[in-house]
Every structure is written in structure tokens, then in C-alpha cells.
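Visitor: Please work out how this folds:
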Amino acid sequence: MTRLNWLVVGAGIILGLIFLAAGLGKTLNQTESFVIFVFPEFLPTVVDKFIFRWLSYIEIVIGVLLIAGIAARLVASLGLALIVGLIVNNGILLAQGLGDKPCGCFGAAESWAEYSLSVAGALYIDVMMLVLGVMVLLFYQGKFIHFHPWFLRRA
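Guide: Numbering: from 1, shown residues only. This next block holds a predicted model:
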């Protein structure tokens, strides 16, 4: 593998670790509301319940698949859709003056680290995740749907 391939595999692993940490933290802390979401009035509460119930599991699956490099481009594109939604949500919260409020993006992991990530800090992380996701989507070795993990490929 070339240096660019190793760089992109590293970007996928870092992005996967962020998704995995956020998903596991939220899963371990399901009883509390973990993310402030801004929903327009025309969206039903079903969407809110779906996100509250399934977001952590979706993040765990995306994280594990990105770390393993299984269908990395496909998973990165799904992750990018999620990241764009989070950026829009955090941008709206920031515009409303809630940038210093804790977002709870990493759930129980924030209490273990004794650090509370603000909405503004989460927006910075989301932008970094967007860059990593675009790197994986554009430069990952193999086809769009490629189920052979990176660690089993020949050098």
C-alpha cells in the first residue's frame, strides 16, 4: 500500500474511533437525553424518537465498519450524511446563542473523562469528521462497495 492509502486508512480508523466512542457513550447513558436536537415543527415526533433510540447504534455500526475497512466508501458516505445533519443542528444551536451549552455528544464518556463538550466544540469536531469522511470517500483503495478489510490486503 502506498503512503496515500495508509493515510486514508488512518483517516478511516480515526473517524471510526470517533463514531464508536460517541455511540458507546450514548448507549451506556440511554436514560438521559444526550443531544440537543433542533427540529422544525413540520417533522413528527417519530423522527425525534427514532434519533434518540437508534442514533447510538448507528454510530457504533459505522465506527466498527470504518475501523475494519469493510465497505469503507459506502459507510463513509452514510457517515457523511449523519455528519452533515449534526453540523446543521449544531450550527442552528450556535446561531441561537447556545454555543456554550454542553451537547452530550459522547454521553457517558464525557463524565468518565470529566470533560463536557460544548456545542461549539462539537461543531469543530464535526467539521474535522467531515474532512476525514471526504478523504475516505474520495481516496480509499478499492471499489465503492468493497468488503475486503484493509488489514487483509497485500502490501
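Visitor: going forward, measure contacts and count neighbours with C-alpha atoms only.
Guide: Noted.
Visitor: Now do R3: how many residues are near it, please.
Guide: Close neighbours of R3, defined as other CA atoms under 10 Å, add up to 8.
Visitor: quick one: it from V9, how far?
Guide: To V9, R3 is 10 Å away according to CA to CA, to the nearest Å.
Visitor: For the protein, which element, helix or strand, carries the lowest mean pLDDT?
Guide: Counting by mean pLDDT, DSSP states H and E, the chain has its least confident helix or strand at helix 108-113, which shows a mean of 65.
Visitor: Can you give me the buried ones in the very next helix or strand once past that one?
Guide: For helix 108-113, the following helix or strand on the C-terminal side (DSSP states H and E) is helix 119-139. Buried residues in helix 119-139, counting neighbours by 16 or more other CA atoms under 10 Å, are found at 119-123, 125-126, 129-130, 132-137.
Visitor: If we only consider these, which is nearest to F144?
Guide: F144 lies nearest to L137 out of the buried residues of helix 119-139, by CA to CA, at 8.3 Å.
Visitor: So, low pLDDT: which residues of this protein?
Guide: For the chain, applying pLDDT under 70 flags the ranges 1, 30-48, 108-115, 148-155.
Visitor: count of neighbours near G12?
Guide: Counted with other CA under 10 Å, G12 comes out at 30.
Visitor: Same question for L28.
Guide: Using other CA under 10 Å, L28 has 14 other residues around it.
Visitor: and if you look at V64?
Guide: Going by other CA under 10 Å, the residues that sit close to V64 add up to 17.
Visitor: same check, this time on A95
Guide: A95, neighbours per other CA under 10 Å, totals 10.
Visitor: Can you read off the backbone torsions of it?
Guide: phi -70, psi -30 (degrees, to the nearest 10).
Visitor: Provide the secondary structure category for the most centrally placed residue in the chain.
Guide: For the chain, the residue nearest the mean C-alpha position is F19 (4.1 Å; CA atoms, centre = their mean). Secondary structure, DSSP: H, G, I helix; E, B strand; the rest coil: F19 is helix.
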